[in-house]
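In: Got a predicted structure plus its sequence, pasted below:
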Amino acid sequence: MGSCIDFRLDPGARVDQAMVDHALNEWYRAIARQGGIPAPGAALGISPELRTRYSTGVADLPTRAAAATGVPAADLYRLNRGRIPPWGWHRPYHRIRGIATPVPERLRPAPGSGVLRFSVRGVAVAILPDDFDPAMRGRAETRNEWSCQAPGCQYTVGPARDGAAVVTAVSPLTWPAVTIQTFYGRDAPPDGLAGYGRGSTKEDVAGSAVHPWSATVAFHEGQHGMDCLEYLKEEDVPRFDSRAGMTVAAFRAACEQFGMAWAGYQGRASQFSRNRTDNVGAASGRRSHLVL
């Protein structure tokens, strides 16, 4: 039956918003009927040949739509994540049981702990299993805990700098790190309805008519987790510029500047996620928050 499904567009057809909506909705229904939307942690129930044909068709759609609308293909994929299986996204992702944030398809949690560990552009990332916070009521929250520390130094006082202390050695810089974890409060379960932002956009709601995931609190919170990963990929992380031979005063000034740069980076990452995941779609109902 799967071999009869056609995921192709008429080469001469105009790819406007109406066509994008119709094609993605129909293809999502078709792939769902073939077992193409597995439960988190479950194996994909379609053949490699069907997966390839679907992915190829979906890739053609935003590429042609981007040429007509001026919206980058990667953004069209992001806006339509609620009606494209994660393995069919711009970069293939998958869902892990007990973790809201979808992750790159190659990644698997560590045995025993269930924690996913990997790096993005020199930042150590850990995604922890979701948890329940009894102090929260009626909301969920994805917390991104950042860790970054400037290195220490050894120095001597010599006559070459008129008695000023000079750095003679700099300790290695520890990798910056971020830990991502989603918490659910009372009356805000993972499968509850997202009241605003992602999970309530017309694209997400259309997807939920086929599979409920894209309208849930877990889906909304998972987009926050992905926002963090995508911000790391798109924006250069602050670098610490230090070397032996600097005066201690200059070294300390560099440490202070580094700390300010990281504070600014975190603030921009937070706003980036609010814009992408909170400030879209319906604006009423249950609230979810990104905490950085």
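Out: Happy to help now that I have it.

In: What ranges in the stretch 51-200 of the chain fall below the confidence cut-off?
Out: Low-confidence segments of the stretch 51-200 of the chain (pLDDT under 70): 158-162.

In: What are the boundaries of the helices in it?
Out: 73-79 (DSSP state H, counting those that start in this stretch).

In: For stretch 32-42, which outside residues touch it?
Out: Outside stretch 32-42, the residues within contact range by CB atoms under 8 Å, 6 or more residues apart in numbering are 1-2, 5, 31, 44-46, 50-51, 54, 85, 95-99, 210-211, 213. Using the backbone N, CA and C atoms, a C-beta is placed for each residue, glycine as well.

In: from those residues, which would you call buried?
Out: 2, 5, 31, 44, 46, 50-51, 54, 85, 95-96, 99, 210-211, 213 (16 or more other CB atoms under 10 Å).

In: Break this protein down into its domains, please.
Out: Domain ranges of the chain: 1-94, 96-292, per automatic domain parsing.

In: Quick one, grab the pLDDT at the residue nearest in space to the middle of the chain.
Out: In the chain, the residue lying closest to the centroid (CA atoms, centre = their mean) is M226, at 0.9 Å. pLDDT for M226: 97.

In: now L292
Out: 31.

In: residues near T216, how many?
Out: 22 (other CB atoms under 10 Å).

In: roughly how far apart are the nearest residue to it once chain neighbours are set aside and G36?
Out: Leaving aside its sequence neighbours, T216 sits nearest to D191 (CB to CB, 6 or more residues apart in numbering; 5.3 Å). According to CB to CB, to the nearest Å, D191 stands 20 Å off from G36.

In: Neighbour count for the two, which is higher?
Out: A direct count of neighbours by other CB under 10 Å for D191 and G36 places G36 higher, at 23 against 11.

In: what about that one, which SS state?
Out: Secondary structure, DSSP: H, G, I helix; E, B strand; the rest coil: G36 is coil.
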